[in-house]
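**Student:** Give me a model of this one.
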Amino acid sequence: MGHKAVVAVCTLNQWALDFEGNLERILSSIRVAKDGGARYRTGPELEVCGYSCQDHFYEGDTLLHSWEVFARLLSSPDTRGILCDVGMPVMHRNVTYNCRVAFFNGQVVMIRPKMILCDDGNYRETRWFTAWTRRQEMEQYSLPRMITEVTGQTQVPIGDCVIGLRDTVLGYEICEELWNPQSTHVDMAMDGVEIIVNGSGSYMELRKAYVAVELVRSATLKSGGCYMFSNLRGCDGERVYFNGCSSICVNGEMVARTAQYSIEEVEVAVATVDLEQIRSYRNMIRSRTLRAASGPRYPRVELDWAITQPKLMIPATPSFPWKYHTPEEEILLGPACWMWDYLRRSGQGGYFLPLSGGVDSSSTAVLVFSMCTMVVEGVTRGEEDVLRDVRRVTGDPGYTPTDPQELCNRLLVTCYMGSENSSEETKARAKKLSQQIGSYHLHIVIDTAVKAVLGIFSLTTGQFPKFTARGGSARENLAMQNVQARLRMVLAYLFAQLMLWVRARPGGLLVLGSANVDEALRGYMTKYDCSSADINPIGGISKTDLKKFLSLARTRFNLPALDSILSAPPTAELEPLVEGKLAQTDEQDMGMSYNELAQYGRLRKPGCCGPYSMFMNLAHTWGKERDLTPLEVANKVKLFFRYYAINRHKMTTLTPSYHAEVYSPDDNRFDHRPFLYNTRWTWQFGAIDQAVEGMQEVEEMEVAKGGVVLGGKVMQESNAKGVTGGNQNNNNSQNLGVQVAALPVTEQAGGKKRKVAEVAQIQQLVGREGGGGL
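**Tutor:** Coordinates of the predicted model:
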C-alpha cells in the first residue's frame with residue numbers, strides 16, 4: 001500500500017549568533033535528509049540563531065538576521081522538493097515568540113509559536129519570549145518585506161494550527177510542551193494529527209537521558225502516531241551541553257535516533273513510517289476513538305503535497321531497544337565534547353592545566369585525553385570539519401592527527417606546581433599520568449614566589465605569619481595556605497599565555513579548572529586560586545562520580561597511572577608535611593565526607609530543603625542507616641549550613657563549569673541564592689534544637705518503659721544485648737574538621753556515650769571563621 005512516508009530528524013551543533021555557520025549546518029542537514037529519501041525534515045529549537053542568545057533576543061538585529069537566514073533557505077535549491085521547518089524567533093504585534101516556521105518549495109506555509117515556556121534549571125525563556133495562549137486559534141502574520149520579495153506572499157497563518165497534507169496531518173510541539181502535564185500532543189492526536197513534531201533544546205544532566213526518551217515514547221504509546229523529536233547537541237556558548245538523542249518513535253516504539261555525545265556537527269536520522277500502522281493502532285483503542293469523536297478541532301493549513309510515495313515498496317523501519325550510557329560514560333564523553341566545542345570556537349591553541357596528581361585535576365587531564373581520542377576517531381572517519389578545526393587550532397595546515405597521545409601533546413600543557421608542602425608521591429603520580437596521556441608536562445616550584453609575597457607583607461607590617469604546625473594561629477594558617485593557592489592561579493595564567501610562544505606556535509592556551517561540585521557547595525576552595533580558570537569541565541560533577549569515571553577511563557584508555565591516584569586520600573597539600581608524610585586531607589579539613597556533601601546537595605537542591613527540613617529528613621535516614629542520634633545529625637546539618645553560608649560568596653566568581661549535576665551551586669543561572677547570609681541561622685537552628693529536644697523526650701519516655709536507645713533508635717532491652725558495643729566510630733566529633741575540646745558526657749542506657757554539649761561548642765568554634773574573601 002502507498003502509505004509509507006520517509007521522514008528525517010536532525011541533531012545540529014549550532015552556535016549562538018553564528019548565523020552563517022548555523023545556515024550552512026541547516027542546509028547540510030536538508031541535503032543529507034534528501035539523500036536519505038526523506039520528504040519531510042525537521043530540526044532543533046531556535047536552530048537559525050542558536051538557542052543561547054539570551055538577552056540578544058531583545059535586539060532587533062537578532063530578529064533581522066534570523067529572517068535573512070530564512071530568506072536564504074527559501075531561495076536555496078537544496079530546499080526544493082522537501083517540506084521543512086526551522087526554529088527561530090518571530091515578533092508578531094510587538095511580541096516576540098519562539099517559533100517553528102514551515103516552508104515548502106520557496107513558500108512559507110505557517111508559523112507555530114511555542115505555547116508553554118520553560119523556566120526550570122538553566123532555562124529562562126519567559127525573560128525573552130511570550131507564550132502563545134490562544135489554543136486552537138490562528139490569525140494572519142504580515143511577512144517582512146525581504147521575505148515577500150522572495151515568495152510573493154504578504155501574509156501567512158500564525159498560531160496553534162496544524163498542516164493538512166494530501167495524505168496526513170502534521171502538528172507541532174516545541175520542547176517544554178512535551179514535558180508539561182497538559183501536553184498538546186494528546187489533543188492533536190484526538191484530532192487526527194498523525195505526525196507530531198518537536199524541535200527541542202534539551203541539555204544533559206547525569207542520569208537524566210531516559211526522561212526525554214520515555215516522554216517521547218509515552219506520547220505515542222498512549223495516543224498512537226509518529227513523534228519526531230529533534231534536539232541540539234554541543235556547547236553553543238553556555239555552560240550546558242545539549243545532548244542530542246533526536247529520535248523518531250511510532251506507536252511507542254523507537255525506530256530511529258542520533259547519538260547523545262559526538263563531535264559531529266550535523267547528524268540526521270531517517271525512518272520509513274507506515275501511516276496505516278498508526279491508523280490501525282489508534283482505531284483499536286476504543287476508548288480513544290470515543291474521545292476523539294468529540295475532541296477539540298485544530299485549524300488546518302492546507303498544503304497540496306504528499307509525504308508518502310505510492311511506489312515506495314520498502315518496509316517500515318524496524319524498532320530497537322534504546323541503550324543508555326552509564327553515568328561514568330556520560331562523564332567520559334560529555335565534557336570532552338563540550339571542551340572541543342569551546343576550544344575550536346574560542347580561537348585558542350589548546351589547554352593549560354595545573355596537574356596536582358589528585359583525583360580532580362587528573363579527571364580534567366583524562367577528559368582532555370578523551371577529547372583528543374574523539375577527535376582522532378572523527379578524523380579517521382573522514383569528517384572534514386573536524387580535520388579543518390584541528391589544523392586551525394594547532395596552527396599546522398598540513399597536520400593530520402593519527403594518535404591521541406601525540407595530539408594531546410599539542411593541545412594540553414600540564415604543570416605540577418610543587419612547594420615545600422608537596423609530597424614526592426603526588427609529583428610522581430602527576431608525571432606518570434602526563435606520560436601516559438601524552439601531555440606536554442612541566443614541573444615548577446613556587447616557594448620562591450611564596451616567600452617573595454610574604455616578604456612584602458612582613459616588610460610592611462613587621463609580622464611574619466606561620467602555619468599552625470609551626471606555632472601560628474588559625475588565621476595565619478589559612479592565609480599561608482591561600483597565598484600558595486592564589487600564586488598558582490597567577491602562574492597558571494602566565495604559563496598559559498606564553499607556553500605556545502615558547503613552543504614557537506601562535507596563540508595562547510585556555511586555563512582549565514578542576515574543582516568538583518561538592519567542593520563548590522561546601523566552599524572548600526580559595527577564592528581566586530586554581531579553581532579560577534577559563535572553564536572547568538568537572539565543576540558540575542561530584543567526587544564520587546569522578547572516581548567511578550576514572551575507574552572506567554583506566555580500563556578504556558589503558559591508564560595504569562590512575563590506580564595510585566584513585567587509592568590516594570584527597571589532599572590540597574597546602575600545610576607542612578610531617579616527617580615527609582601528608583598531615584592534611586580534604587575530608588578532615590571540610591569536617592564532612594564527600595558522600596555526606598552529595599546528600600546535603602541533593603536535599604538542598606532539588607530537594608528544596610532548608611536547615612530544618614534537611615535535619616528532619618536526615619534524622620530519620622541516618623538514624624536508621626548510620627545509628628546517629630538526632631543530636632549528632634543536628635550537629636552535622638548545622639556545620640554544613642554554617643560553612644555553606646560563610647562561603648556562598650565564592651559562587652559569584654565560580655569558573656564557568658560544564659553543567660552535569662542537579663544540585664550544582666552555580667550562581668550564574670542555575671542556583672539563584674543570596675551571597676550574604678546570616679551565618680548563624682538563629683531561627684532555623686532554633687527550630688532544629690526544638691526538634692532534637694522533642695526527639696530526645698520521646699526516647700527518654702521509651703527508655704523509662706524499658707527500652708534501650710541505640711544510635712537514635714529505641715530497642716527493647718532483650719533485643720539490645722550484644723549490639724551496644726557497635727558503631728562507636730560514628731560519633732560526630734570525629735568528622736567535624738574543627739578541634740573539639742573535651743566535653744561533658746552523659747551515660748545513656750545501653751552504655752553508649754553522647755556528648756550533650758556538642759551543639760553549643762560547635763557553634764562557638766565555627767562562628768570564629770569569617771566569610772570575607774577567603
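
**Student:** So for the longest helix anywhere in the chain, what gets flagged as buried?
**Tutor:** In the chain, with assignment by DSSP state H, the single longest helix is helix 474-502. Across helix 474-502, burial judged by 16 or more other CB atoms under 10 Å covers 476-489, 491-493, 495-496, 499-500. All C-beta spots, glycine's among them, are computed from the backbone N, C-alpha and C.

**Student:** And for stretch 151-168?
**Tutor:** Buried residues in stretch 151-168, counting neighbours by 16+ other CB under 10 Å, are found at 151, 156-165, 167-168.

**Student:** ok, the residues you listed vs Pro44, which is closest?
**Tutor:** Ile163 (19.1 Å; CB to CB).

**Student:** Just the buried residues of stretch 430-441, please?
**Tutor:** By neighbour count on 16+ other CB under 10 Å, the buried set for stretch 430-441 is Ala430, Lys431, Lys432, Leu433, Ser434, Gln436, Ile437, Gly438, Ser439, Tyr440, His441.

**Student:** And for stretch 174-189?
**Tutor:** 174-179, 183-189.

**Student:** mind listing which of the residues you listed are in strands?
**Tutor:** Those of these mapping onto strands are Ile174, per DSSP state E.

**Student:** Which member of the buried residues of stretch 174-189 is positioned nearest Glu264?
**Tutor:** Out of those, the member with the shortest distance to Glu264 (by CB to CB) is Cys175, at 22.0 Å.

**Student:** what sits against that closest one?
**Tutor:** Applying CB atoms under 8 Å, 6 or more residues apart in numbering to Cys175 gives the contacts Glu45, Lys114, Cys118, Asn198, Gly199, Ser200, Gly201, Ser202.

**Student:** make it 6 Å
**Tutor:** Glu45, Ser200, Gly201 (CB atoms under 6 Å, 6 or more residues apart in numbering).

**Student:** which strands and helices sit next to the longest helix of the chain?
**Tutor:** strand 351-354, helix 447-461, strand 510-511 (3 or more CB pairs under 6 Å, 6 or more residues apart in numbering; DSSP states H and E).

**Student:** Pick the most deeply packed of these.
**Tutor:** Counting by mean count of other CB atoms under 10 Å, strand 351-354 has the highest mean neighbour count of these, with a mean of 28.

**Student:** C-alpha coordinates for that one, CSV please?
**Tutor:** C-alpha atoms of strand 351-354 as CSV (Å, rounded to 0.1, in the frame of the first residue of the first chain):
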residue,chain,number,x,y,z
TYR,A,351,44.6,24.0,27.2
PHE,A,352,46.8,24.6,30.3
LEU,A,353,46.1,22.5,33.4
PRO,A,354,47.8,22.7,36.9
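
**Student:** and Thr414, which of the three is it?
**Tutor:** strand (DSSP: H, G, I helix; E, B strand; the rest coil).

**Student:** next one: Ala5
**Tutor:** Assignment for Ala5 (three-state DSSP): strand.

**Student:** which strands and helices sit next to the host helix or strand of Glu149?
**Tutor:** Following DSSP states H and E, one finds Glu149 within helix 145-151. Packing contacts for helix 145-151, counted by 3+ CB pairs under 6 Å, 6+ apart, involve helix 60-75.

**Student:** and the next helix-or-strand element following the helix it packs on, what does it pack onto?
**Tutor:** Remark: after helix 60-75, the chain's next helix or strand is strand 83-92, criterion DSSP H and E. Packing contacts for strand 83-92, counted by 3+ CB pairs under 6 Å, 6+ apart, involve strand 40-42, helix 60-75, strand 95-104.

**Student:** what about the protein, any weak spots by pLDDT?
**Tutor:** Within the chain, the segments meeting pLDDT under 70 span 1-2, 579-584, 706-774.

**Student:** switch the cut-off to 80
**Tutor:** Applying pLDDT under 80 to the chain flags residues 1-2, 530, 571-575, 577-585, 703, 705-774.

**Student:** circling back: what comes up buried for the helix holding Glu149?
**Tutor:** Ile147, Val150, Thr151.

**Student:** Tell me which residues touch the last one, please.
**Tutor:** Thr151 sits next to Gln107, Val108 when contact means CB under 6 Å, 6+ apart.

**Student:** Recalculate using a threshold of 10 Å.
**Tutor:** By CB atoms under 10 Å, 6 or more residues apart in numbering, Thr151 lies in contact with Ala71, Leu74, Ser75, Phe103, Asn105, Gly106, Gln107, Val108, Leu143.

**Student:** Adding distance to Cys249, write the buried residues of stretch 174-189 out as CSV.
**Tutor:** Formatted as CSV, these follow (distance: CB to CB, whole Å):
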residue, distance to Cys249
Ile174, 17
Cys175, 16
Glu176, 18
Glu177, 16
Leu178, 11
Trp179, 16
Ser183, 14
Thr184, 17
His185, 11
Val186, 15
Asp187, 18
Met188, 15
Ala189, 13
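
**Student:** Restricted to helices, list the buried residues of stretch 174-189.
**Tutor:** Using DSSP H, those in helices are Glu176, Glu177, Leu178, Trp179, Thr184, His185, Val186, Asp187, Met188, Ala189.
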